[in-house]
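Novice: here you go, sequence then predicted model.
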Amino acid sequence: MSLKCEATSFRDRHAICLESDTLQVIALTGCGHLASLRLPDVDVNPLWEPPWPGIEPGTYDLQRHRDIYGPGEGRLLASLAGHSLCLNHFGDLTEAEEEADGYHHGEASNLPWTVFEQQADDRRARLDYGLDLPDAGMRFVRTVEIRPGESTLYFRERTTNVKRIDSPFCCQQHVTLGPPFVQGGVTRLDFPVKKGMTNPAPVHSTDPLTPNQQFDWPLAPLQSGGTSDLSLYPQEHILTCTTNLLEPVGDYAFTAVSNAQLGLLLVYCFPHEAFPWTTLWFEHEASEILPYNKRTTTWGVEFGSVALALRFIDTLKAGPLLGLPRFGTLPARNRIEVNYQAHLLRIPPDWQGVERVEHIDGETVAWERGSERSARTPSDWRVSTQMSTASKEDLGN
């Protein structure tokens, strides 16, 4: 089939669909979320689809929608889906920021995006889209691309600090996975990590983990004694959160989430220099607030430059964690470019998880734990980051 990049709708939302013979990708133009990744003959989207109806971000009205999506982060939740972008903040708001009608998780995941270009030919389908972030003083452009014969989605992201002063770089790829891909006791996470940290305080009455404790992955300390293996999604109805410092594999890191019963593996590969942290968010039908209502199963596997989802000022004041800064830096009138990629792969029903991921002879290969089996796809290797002085075009001049 010829490649496609065309306007569509997804759950009554404006969207762009990129499609090849081996992969379908759907991106929402409202807030830029990646809403769906699918193999052509497997009717499973590993990305989270909220159980409530979504709306376009420009139509949100607090008085009209409070009873549907709740106060506070209701604006975010009204338009949220799948893989969202937190920029230039990852976390909640202070009382003053709430009064000022600020943005939970930053502007990028709350505002409409602009489609700059979309095109498809025999070699690739590509979408360029992004937005200006007036509060942060930044411009952001993302390019997503697929190619024939590959189950790979390529990301190229450029963030420009348009201000004349250095800025924190708080960029988190908020990848949220959901059912049927996420299943208690079945879905598994593998990534190169040794040290983790539980949340500074319990996040919910059902949170079983001892707060503010360092641990050796994957065994996190329980308040009741003993440990919990966080590499397997829990069967219990809980809400908890941890952060994890990734160990570089050369100059990159990865997250690999698998459901062997469904025969699917989702791998993200990204530059460790730009994204050294991964926050894990477990919400298994525990949160009773709107719009969750104890009906939501999600696994946030959120990699980026920020250690923990905190209030912005708390992130800046907290100091290093596990020996590393809690956020990045984007100098005045500079641009950071980050290239990373996602792979959706088939696996056998007795798959035991991922030991390592590497690029060999034009293929990205995920090697199984304890065996010589692998899941693979043809692909380039576009995993890199670069800082440079912003051009006039970057600055919008």
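Specialist: Ah, there it is. Residues are numbered from 1 along each chain as shown.
Novice: show me where the chain has helices.
Specialist: 62-69, 74-79, 95-99, 312-317, 392-395 (DSSP state H).
Novice: can you get me a residue count around Thr114?
Specialist: Residues within reach of Thr114, counting by other CB atoms under 10 Å, total 12. (C-beta placed from N, C-alpha, C; glycine too.)
Novice: now it: how far from Glu107?
Specialist: Distance of Thr114 to Glu107, given as CB to CB, to the nearest Å: 14 Å.
Novice: number of nearby residues for the residue nearest to Trp351 when sequence neighbours are not counted?
Specialist: Leaving aside its chain neighbours, Trp351 sits nearest to Ala260 (4.2 Å; criterion: CB to CB, 6 or more residues apart in numbering). Applying other CB under 10 Å, we find 17 residues neighbouring Ala260.
Novice: can you offset everything so residue one is 2?
Specialist: Shifting the count to begin at 2 puts that one at Ala261.
Novice: check what pLDDT Met2 gets.
Specialist: Note for Met2: predicted pLDDT of 64.
Novice: got a list of what Lys318 touches?
Specialist: With CB atoms under 8 Å, 6 or more residues apart in numbering as the criterion, no residue contacts Lys318.
Novice: I meant His205, not that one.
Specialist: His205 makes contacts with Ile239, Leu240, Thr241, Ala287, Ser288, as judged by CB under 8 Å, 6+ apart.
Novice: so which of the helices of the chain is nearest Pro235?
Specialist: Evaluated over the helices of the chain, closeness to Pro235 peaks at helix 75-80, with 22.3 Å, by CB to CB.
Novice: now for that closest one, which elements pack on it?
Specialist: Helices and strands touching helix 75-80, as assessed by 3 or more CB pairs under 8 Å, 6 or more residues apart in numbering; DSSP states H and E, comprise helix 63-70.
Novice: in the helix it packs on, what counts as buried?
Specialist: For helix 63-70, the neighbour count (16 or more other CB atoms under 10 Å) marks His66, Tyr70 as buried.
Novice: what is it packed up against?
Specialist: Packing partners of helix 63-70 (3+ CB pairs under 8 Å, 6+ apart): helix 75-80.
Novice: and Val258, how far is that from Thr365?
Specialist: Plainly put, Val258 is 15 Å away from Thr365 if you go by CB to CB.
Novice: please apply the same query to Glu356.
Specialist: Counting by CB to CB, the gap between Glu356 and Thr365 amounts to 14 Å.
Novice: restricting to C-alpha, output the strand ranked longest in the chain in PDB.
Specialist: Counting residues, the longest strand in the chain under DSSP state E turns out to be strand 335-347. The C-alpha trace of strand 335-347 is given here as PDB (Å, rounded to 0.1, in the frame of the first residue of the first chain):
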ATOM      1  CA  ASN A 335      19.500  28.200  22.200                       C
ATOM      2  CA  ARG A 336      17.800  25.200  20.700                       C
ATOM      3  CA  ILE A 337      17.900  21.600  21.900                       C
ATOM      4  CA  GLU A 338      17.100  18.900  19.300                       C
ATOM      5  CA  VAL A 339      16.200  15.400  20.600                       C
ATOM      6  CA  ASN A 340      15.800  12.400  18.300                       C
ATOM      7  CA  TYR A 341      14.200   9.200  19.600                       C
ATOM      8  CA  GLN A 342      12.000   6.400  18.300                       C
ATOM      9  CA  ALA A 343       9.300   3.900  19.200                       C
ATOM     10  CA  HIS A 344       9.000   0.300  18.000                       C
ATOM     11  CA  LEU A 345       5.800  -1.800  18.200                       C
ATOM     12  CA  LEU A 346       6.800  -5.400  17.900                       C
ATOM     13  CA  ARG A 347       5.300  -8.900  17.900                       C
END
